[in-house]
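Asker: Sequence and predicted structure, then a few things I'm wondering about:
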Amino acid sequence: MNNAKFPEAASAAVAVTTSLDASVLLGEWSNTNQSATGIARLMLTQAENGFVVRVLGAGNPQPFDWGEAPADLFADLPELSQATSFTSFHDQEFMSVWLLAYVNKGVLVVVSLTRFQDDSGRSNYWDKELFFRSRGPDAVQ
């Protein structure tokens, strides 16, 4: 959308995003697949400047820390104030990844869209992984 033509829409979008309750998303989420080759864990936190996603990619012997990235929050409907989903962008130099995630019945469903930037010849691809809350409110023990 060209925000120059619709400045009110851009301001409204920012206001709604920043006022959403992110409590359903907050905490540490672990992949349900112990043998995952994509994302091992996600840490979702509320910072002063907004919602932040830290990704730990699957790695051996240690997970690969992608670092933190800001995220945009979304509710299920425009009139609701509970965030149930987010998007974030992670640039790892050799690859860039868009994450699109939502909570469904207490499970975090994460779709990743990966684009390789290293001339390796690998195809860009998408993946879907499921996560359970391992730390934070309502964590599975």
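Answerer: That came in fine, so what should we check first?
Asker: Toward the C-terminus, what is the element adjacent to the lowest-mean-pLDDT helix or strand in the chain?
Answerer: When each helix and strand of the chain is scored by mean pLDDT, DSSP states H and E, helix 7-19 comes last, with a mean of 48. Sequence-wise, the next helix or strand downstream of helix 7-19 (DSSP states H and E) is strand 27-31.
Asker: and that following strand, what does it pack onto?
Answerer: strand 39-47, strand 125-135 (3 or more C-beta pairs under 8 Å, 6 or more residues apart in numbering; DSSP states H and E). Every residue, glycine included, has its C-beta placed from N, CA and C.
Asker: Would you mark the buried spots in the last one?
Answerer: Within strand 125-135, the residues that count as buried by 16 or more other C-beta atoms under 10 Å are 129, 131, 133-134.
Asker: in this structure, which ranges drop under the pLDDT threshold?
Answerer: 1-18, 137-141 (pLDDT under 70).
Asker: In contact with Ile39, which residues?
Answerer: 31, 55-58, 110, 112, 129, 131 (C-beta atoms under 8 Å, 6 or more residues apart in numbering).
Asker: gap between it and Asn60?
Answerer: Relative to Asn60, Ile39 is positioned 14 Å away (C-beta to C-beta, to the nearest Å).
Asker: do Ser96 as well
Answerer: For Ser96, the distance to Asn60 (C-beta to C-beta) stands at 23 Å.
Asker: out of those two, which sits in the more crowded spot?
Answerer: Set Ser96 next to Asn60 and count neighbours by other C-beta atoms under 10 Å: Ser96 wins out with 15 against 7.
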